[in-house]
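Undergrad: Pasting the sequence and the predicted coordinates here, then a few questions.
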Amino acid sequence: MTADDSYDRLEDDNYPAYTMGQAPEMLGTTQNFLRAIGEARLITPLRSEGGHRRYSRYQLRIAARARELVDHGTPIEAACRIIILEDQLEEAQRINAEYRRTASLHTADT
């Protein structure tokens with residue numbers, strides 16, 4: 001592995017860089033909370049060769065959003081569903097915007 005490879009991993013939002021010990025500390029939550037949102041299938045941590053959970057920055061952002069909702073009184077299952085729906089809406093809006101760009105390019109060509 002080169003230094004460039006290591007740097008690329010640090011920049012990769014999906015690289016599972018954080019352990020089950022680090023992640024809850026960073027989020028100000030508990031390991032049980034992370035396990036619960038994993039069981040609700042909001043995030044699926046990768047496993048190290050030794051079987052330990054590892055989380056990416058992207059997963060930690062999702063977990064932080066879940067924690068925010070739960071802290072405001074939303075049940076954990078509902079918080080997970082809300083985040084999934086928010087993600088689906090964002091993806092649909094992205095696709096719609098791409099279709100609009102494509103359509104406007106085709107209209108401009110005619």
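TA: Happy to help now that I have it.

Undergrad: alpha carbons only for contacts and neighbour counts from here, please
TA: Noted.

Undergrad: Walking through the chain, point out its strands one by one.
TA: Taking DSSP state E to define them, one finds strands in the chain at 18-19, 46-47, 53-55.

Undergrad: got JSON lines for these, with mean pLDDT, mean neighbour count and distance to R81 too?
TA: JSON lines is the format used below for those (pLDDT from 0 to 100; neighbours: other Cα atoms under 10 Å; distance: least, Cα to Cα, whole Å):
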{"stretch": "strand 18-19", "mean pLDDT": "94", "mean neighbour count": "18", "distance to R81": "24"}
{"stretch": "strand 46-47", "mean pLDDT": "92", "mean neighbour count": "14", "distance to R81": "21"}
{"stretch": "strand 53-55", "mean pLDDT": "95", "mean neighbour count": "21", "distance to R81": "20"}
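
Undergrad: per-residue pLDDT, M1?
TA: Predicted confidence (pLDDT) for M1: 53.

Undergrad: pLDDT below threshold where in the chain?
TA: Low-confidence segments of the chain (pLDDT under 70): 1-10, 109-110.
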